[in-house]
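Student: Quick one: sequence plus predicted model below, questions after.
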Amino acid sequence: MSKCEQCIIREFNSLKALTKEELIRITGCKTSKKIKKGEVLFDEGEYINGVFCVKDGVCKVSKMSDNGRDQIIHLIKKGDILGERSLINNEASNLKAIAVNDMEVCFIPKEEILRDLENNSNFSMDVLKKMANSLKKADDVIVDMAQKTVKQRLAATLLLLDAKFDKNENGSININLSREDIANIIGTATESAIRLLSEFKKKKLIDLKGKEIFITDIKALKELSEGF
């Protein structure tokens, strides 16, 4: 089992604010898990009873709409913490998390995180900042859904993916999303997402090779996302 105090991943999330003694204590109670592509980390209505620290891989966090469609809210990657909101408000999760590819995560029990939130003000403040930033992004999504066209939302999503994820050796964005996933991020039908991606490729804004996406004209995508 890897030791939290020696793990570089914690430097990317709120765990960096914990003391060495607190990290040693967490090492003794955390559980390391390997999650296969397509497996569910947690479902809507489930009590998570802890948080996940993502050591490797990506998962999509979604909400089922009244009409039965999944709306992808977040993409969680290596270094992120998942589940802190449900833990703090002591409610069942209103979201679902599914592995986009094979993942490795550490699960830290609820009581250990709550103890650190109560006793370590630096940790508490960092968690609050992360949650505030997440709420800000949620506000932006609501505005985009209400005011931007599907084409603008696709351009903005491609720019977000380009900024959020590393590049493969061939220059493609290091995340393989299905066309359905992309449609569920921008809030449209899969057929519309496929058509718009093909249109973007014809206009040489992007290139596509299977699920691989290459950004070829970032300036034009930015202008499109802003409605110019």
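Tutor: Thanks, I have the structure now.
Student: looking at this, Ser62 is in a strand?
Tutor: Yes. Residue state for Ser62 (DSSP: H, G, I helix; E, B strand; the rest coil) corresponds to a strand.
Student: does it really touch Ile76, like I thought?
Tutor: No. Assessed by CB atoms under 8 Å, Ser62 is found out of contact with Ile76, at 11.2 Å. The C-beta positions use only the backbone N, C-alpha and C, and glycine is treated the same way.
Student: Show me whatever sits in contact with both of the two.
Tutor: Ala97 (CB atoms under 8 Å, 6 or more residues apart in numbering).
Student: Can you verify my assumption that Lys110 contacts Ile88?
Tutor: No. The criterion here is CB under 8 Å, and Lys110 misses it with Ile88 at 9.8 Å.
Student: Please point out which parts of the lengthiest helix in the chain sit buried.
Tutor: Secondary structure of the chain read by DSSP state H shows that its longest helix is helix 121-147. Within helix 121-147, the residues scored as buried using 16 or more other CB atoms under 10 Å are Phe123, Ser124, Asp126, Val127, Lys130, Val141, Asp144.
Student: which two from those end up farthest apart in space?
Tutor: Spatially, the most separated pair among these is Phe123 and Asp144, at 31.9 Å (CB to CB).
Student: Number of residues surrounding Gly45?
Tutor: Other residues near Gly45 come to 9 when the count uses other CB atoms under 10 Å.
Student: still on that earlier bit, what would the buried residues of helix 121-147 look like in a markdown table with pLDDT and distance to Ala220?
Tutor: Below are the buried residues of helix 121-147 laid out as a markdown table (pLDDT from 0 to 100; distance: CB to CB, whole Å):
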| residue | pLDDT | distance to Ala220 |
| --- | --- | --- |
| Phe123 | 91 | 43 |
| Ser124 | 91 | 43 |
| Asp126 | 91 | 37 |
| Val127 | 90 | 38 |
| Lys130 | 88 | 33 |
| Val141 | 81 | 23 |
| Asp144 | 82 | 19 |
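Student: now, which of those sits nearest Glu44?
Tutor: Using CB to CB, these come closest to Glu44 at Val141, 18.0 Å.
Student: With adjacent residues omitted, what lies nearest to the closest one?
Tutor: Spatial nearest neighbour of Val141, excluding adjacent residues (CB to CB, 6 or more residues apart in numbering): Ile73 at 7.3 Å.
Student: Just checking the distance from the longest helix of the chain to the centre of its chain.
Tutor: 13 Å (CA atoms, centre = their mean, to the nearest Å).
Student: what's it packed up against?
Tutor: strand 70-76, helix 84-89, helix 110-119, helix 150-164 (3 or more CB pairs under 8 Å, 6 or more residues apart in numbering; DSSP states H and E).
Student: right, and the ones you listed - which one's nearest Lys201?
Tutor: From the helices and strands packed on helix 121-147, taking CB to CB, the stretch that ends up closest is helix 150-164, at 11.4 Å.
Student: Check which element follows the closest one along the chain.
Tutor: Next along the chain after helix 150-164, taking DSSP states H and E as the criterion, comes helix 179-186.
Student: which other residues reach the next helix-or-strand element following that next one?
Tutor: Where DSSP H and E defines the elements, the next helix or strand beyond helix 179-186 is helix 190-202. Contacts to helix 190-202, defined as CB under 8 Å, 6+ apart, come from residues 150-151, 154-155, 158, 179-180, 182-183, 186, 206-208.
Student: would you turn these into JSON lines with pLDDT, distance to Asp66 and neighbour count?
Tutor: Output for these, formatted as JSON lines (pLDDT from 0 to 100; distance: CB to CB, whole Å; neighbours: other CB atoms under 10 Å):
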{"residue": "Val150", "pLDDT": "95", "distance to Asp66": "20", "neighbour count": "17"}
{"residue": "Lys151", "pLDDT": "95", "distance to Asp66": "25", "neighbour count": "17"}
{"residue": "Leu154", "pLDDT": "96", "distance to Asp66": "24", "neighbour count": "27"}
{"residue": "Ala155", "pLDDT": "96", "distance to Asp66": "27", "neighbour count": "25"}
{"residue": "Leu158", "pLDDT": "96", "distance to Asp66": "28", "neighbour count": "23"}
{"residue": "Arg179", "pLDDT": "95", "distance to Asp66": "23", "neighbour count": "15"}
{"residue": "Glu180", "pLDDT": "95", "distance to Asp66": "19", "neighbour count": "14"}
{"residue": "Ile182", "pLDDT": "96", "distance to Asp66": "22", "neighbour count": "22"}
{"residue": "Ala183", "pLDDT": "96", "distance to Asp66": "18", "neighbour count": "24"}
{"residue": "Ile186", "pLDDT": "94", "distance to Asp66": "19", "neighbour count": "24"}
{"residue": "Ile206", "pLDDT": "97", "distance to Asp66": "32", "neighbour count": "24"}
{"residue": "Asp207", "pLDDT": "96", "distance to Asp66": "37", "neighbour count": "14"}
{"residue": "Leu208", "pLDDT": "96", "distance to Asp66": "32", "neighbour count": "14"}
